[in-house]
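**Student:** predicted model follows, preceded by the sequence.
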Amino acid sequence: MQNAQTTQQFSQFKTQLKEQFGPAIYDSYFDRLSLVESSDEQVTLCAPTRFSASLISQRYLVRMRQMWSDSISPVKNLDIKGAPELGMNHASASAADASAPKPAARRMPVSTRRADQPRGAKPAKAQRPSFDAEGAATFAQGMTLDRFRTNETNSLAYRAAMKVLEAQSPSVTTIHGAAGRGKTHLLNAVGQEWLRQRPNDNVLYLTYDALMADMCEAFISKSYKELRSFLQNTDMLLVDDIHLLRGRKRTMEELDCLIDRLKSAGKQVMVAGALPPSKMAETGVSPRLASRLAGGLCVAMGKPDLALRTKIAKQFAEEAADSTGTAVPTRHLDFIARRCEDSVRELEGALSLVQVAAEARADFGGELDDESVRTLLSDHLSKRKPQATPEAILDFTVKTFDLAKDELMGRSRKQPIVRARHAFCFAVRKLTDTPLTAIGSMIGRDHTTVMHSIRTAEILAGSDATFGTRISEIFDEFGRD
Ligand SMILES: Nc1ncnc2c1ncn2[C@@H]1O[C@H](COP(=O)(O)OP(=O)(O)OP(=O)(O)O)[C@@H](O)[C@H]1O
């Protein structure tokens, strides 16, 4: 903790600042300053953001240093740093021990991601902090490149991110896709990897909150010029959730100029949003900004397929097992990966719930059974069950057996194809009220063949584990357990 003397000195200093500059300037600039370090050599003050630190320094530093020396004690150097630079939470900076060693200075971006998220503990989407907390945040620790799983469904976005990191040519890269697909993760991963490779660079990670906080501050203190020069002093810019800026005319104008300037200066800019730039203007993003983005590389973050969801589920479970000692069985992971189709965030939510339930069971020496997992996730999953129609079951069956529709409907007697036909007939019969003749006509067979298929499927489901699993997958998909 600060000792009583330094606390008192700092409060005296703030009173003088108020008297000297008047309440309006005091409220805009000095009120949220806190003391980090105080010695004969050095006084360090902390402002909530790097922008406010740079603004106050440009305008008032010389006079502040003089005032400190005149009224508190002679000091060689007085500095103002943004909380992210100091690697500290501004809210806690005022309570920091002024005599404690200064945390190592880190070049941190203006970022709204909090740094204290445990690896793999929860869906890593961080809460959006308030203005006061803005300067405290940094990249989400768990959103690193090595934790980003890829396959063909997100390979375009991943490759584009690698190009940004290679920085061979100035570029503006936009990644777009629905919520929870991994755009923020990739942005955070690129920013962290960039800093790892180029530790002296200024990487600026802007989210809606961070940008609006800076814009507000610039508006209150009439300092758009300073904000501009602060933002332009960056080596690589990351902008998240750009679609949220819709309707914010002035902010979009500033951002458009910033991207233009950075691009002209040969810097890399990477942007994430819900929609492709070609559609952004329709939803209120300024046409200029949208067209600037459209002129760069635009790639979609695709919907994760089953293979990718399974990879992510395994990674999640391994990390959770490492930290808790409780491993969720693979069959539960497969079930969750099959059922959470739309977003990785939703997948992580379901995994978290099952992980906690598995840990709770383990506390009493038990294991989670299939029924418990289904019950646990029933709210979560029931709304997602597609309607069981013969056509939907046909589509899903060919996917499950990894066949083309033509093969299942054709004449081949090869075992995997015949088994897929049995599974299809069985599932349609059990899951719908479709008559045998109608099932038969879908696959070019008569009703006696369909009856035979259903009987064979019943026997195989009990005797052949692989076939049984595939039947369960079809039943899981359409909801009758
Ligand atoms: N390919 C992936 N590998 C590992 N984890 C992933 C992957 N994709 C997403 N995630 C995880 O899923 C969660 C949601 O991802 P993220 O926040 O990046 O989504 P988003 O596309 O930015 O969503 P929004 O548009 O709502 O901001 C995060 O915890 C993230 O780490």
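**Tutor:** Nice, I can see it. Numbering: from 1, shown residues only.

**Student:** mind checking pLDDT for the residue in the stretch 301-450 of the chain that the ligand sits nearest to?
**Tutor:** Closest residue of the stretch 301-450 of the chain to the ligand, CB to the nearest ligand atom: residue 344 (3.5 Å). (Glycine included, C-beta is placed from N, CA and C.) On pLDDT, residue 344 comes in at 93.

**Student:** and if you look at the one 3 residues further on?
**Tutor:** Looking at residue 347, its pLDDT is 92.

**Student:** number of residues surrounding the closest residue to it other than its chain neighbours?
**Tutor:** Spatial nearest neighbour of residue 347, excluding adjacent residues (CB to CB, 6 or more residues apart in numbering): residue 340 at 4.0 Å. As a burial measure, residue 340 scores 25 neighbours (other CB atoms under 10 Å).

**Student:** what does residue 311 give?
**Tutor:** With other CB under 10 Å as criterion, residue 311 counts 15.

**Student:** got it, and residue 469?
**Tutor:** 13.

**Student:** from residue 476, how far out is it?
**Tutor:** According to CB to CB, to the nearest Å, residue 469 and residue 476 sit 10 Å apart.

**Student:** hmm, residue 179 is touching residue 274, no?
**Tutor:** Yes: shown here, residue 179 and residue 274 form a contact pair, counting by CB atoms under 8 Å, at 7.0 Å.

**Student:** who's more crowded, the two?
**Tutor:** Neighbour tally, residue 179 and residue 274, criterion other CB under 10 Å: the higher count belongs to residue 274, 17 against 14.

**Student:** how about the residues of the chain by the ligand?
**Tutor:** 123-125, 143, 147-149, 154, 179-185, 241, 274, 312, 344-345, 348 (CB under 6 Å from any ligand atom).

**Student:** tell me which of those residues fall in helices.
**Tutor:** Among those, the ones falling in helices (DSSP state H) are 183-185, 312, 344-345, 348.

**Student:** from the stretch 51-200 of the chain, which residue is nearest to the ligand?
**Tutor:** Closest point on the stretch 51-200 of the chain to the ligand, by CB to the nearest ligand atom, is residue 182, at 2.5 Å.

**Student:** okay, that residue: pLDDT?
**Tutor:** In this model, residue 182 carries a pLDDT of 95.

**Student:** that one is in contact with residue 302, isn't it?
**Tutor:** No: in this structure, residue 182 is not within contact of residue 302 by CB under 8 Å, at 9.8 Å.

**Student:** pLDDT score for residue 465?
**Tutor:** Model confidence at residue 465, given as pLDDT, is 87.

**Student:** ok, the one 4 residues further on next?
**Tutor:** In this model, residue 469 is scored at 84, pLDDT.

**Student:** please apply the same query to the one 4 residues further on.
**Tutor:** pLDDT, residue 473: 83.

**Student:** try residue 34
**Tutor:** 91.

**Student:** for this structure, what spans make up the strands?
**Tutor:** All strands of the chain, identified by DSSP state E, fall at 34-38, 42-47, 77-82, 171-176, 203-206, 236-239, 268-273, 297-300.

**Student:** could I get those as a markdown table with mean neighbour count?
**Tutor:** Shown next, in a markdown table, are the strands of the chain (neighbours: other CB atoms under 10 Å):
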| stretch | mean neighbour count |
| --- | --- |
| strand 34-38 | 23 |
| strand 42-47 | 23 |
| strand 77-82 | 19 |
| strand 171-176 | 24 |
| strand 203-206 | 26 |
| strand 236-239 | 25 |
| strand 268-273 | 26 |
| strand 297-300 | 18 |
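
**Student:** lowest average pLDDT across the ones you listed?
**Tutor:** The minimum mean pLDDT among the strands of the chain belongs to strand 203-206 (a mean of 84).

**Student:** where does pLDDT dip in the stretch 301-450 of the chain?
**Tutor:** Residue ranges of the stretch 301-450 of the chain with pLDDT under 70: 380-385.

**Student:** in this structure the residue nearest to residue 347 contacts residue 309, no?
**Tutor:** Yes: shown here, residue 340 and residue 309 form a contact pair, counting by CB under 8 Å, at 6.6 Å.

**Student:** joint contacts of these two?
**Tutor:** Here residue 340 and residue 309 have residue 347 as joint contacts, going by CB atoms under 8 Å, 6 or more residues apart in numbering.

**Student:** against residue 148, how distant is the spatially most central residue of the chain?
**Tutor:** The centroid of the chain falls nearest to residue 184 when counting by CA atoms, centre = their mean (3.5 Å). Separation of residue 184 from residue 148 (CB to CB): 11 Å.

**Student:** sorry, back to before: could the ones in helices among the residues of the chain next to the ligand go into CSV alongside distance to residue 267?
**Tutor:** Shown next, in CSV, are these (distance: CB to CB, whole Å):
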residue, distance to residue 267
183, 20
184, 21
185, 22
312, 32
344, 29
345, 30
348, 33
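
**Student:** most neighbours among those, which one?
**Tutor:** residue 344 (26 neighbours).

**Student:** was I right about that one contacting residue 303?
**Tutor:** No: using CB under 8 Å, residue 344 is not in contact with residue 303, being 9.9 Å away.

**Student:** who touches both of the two?
**Tutor:** Joint contacts of residue 344 and residue 303 (CB under 8 Å, 6+ apart) are residue 181.

**Student:** thinking again about what came up before, higher neighbour count, residue 182 and residue 302?
**Tutor:** Neighbours per residue, other CB under 10 Å: of residue 182 and residue 302, the larger number sits with residue 182, 26 against 18.

**Student:** export stretch 221-229 as PDB, just CAs?
**Tutor:** C-alpha atoms of stretch 221-229 as PDB (Å, rounded to 0.1, in the frame of the first residue of the first chain):
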ATOM      1  CA  SER A 221     -11.200  17.500 -24.100                       C
ATOM      2  CA  LYS A 222     -11.500  18.800 -27.700                       C
ATOM      3  CA  SER A 223      -8.500  16.800 -28.700                       C
ATOM      4  CA  TYR A 224      -9.300  14.900 -31.900                       C
ATOM      5  CA  LYS A 225      -6.000  16.000 -33.300                       C
ATOM      6  CA  GLU A 226      -4.100  14.400 -30.400                       C
ATOM      7  CA  LEU A 227      -6.200  11.200 -30.700                       C
ATOM      8  CA  ARG A 228      -5.400  11.000 -34.300                       C
ATOM      9  CA  SER A 229      -1.700  11.300 -33.800                       C
END
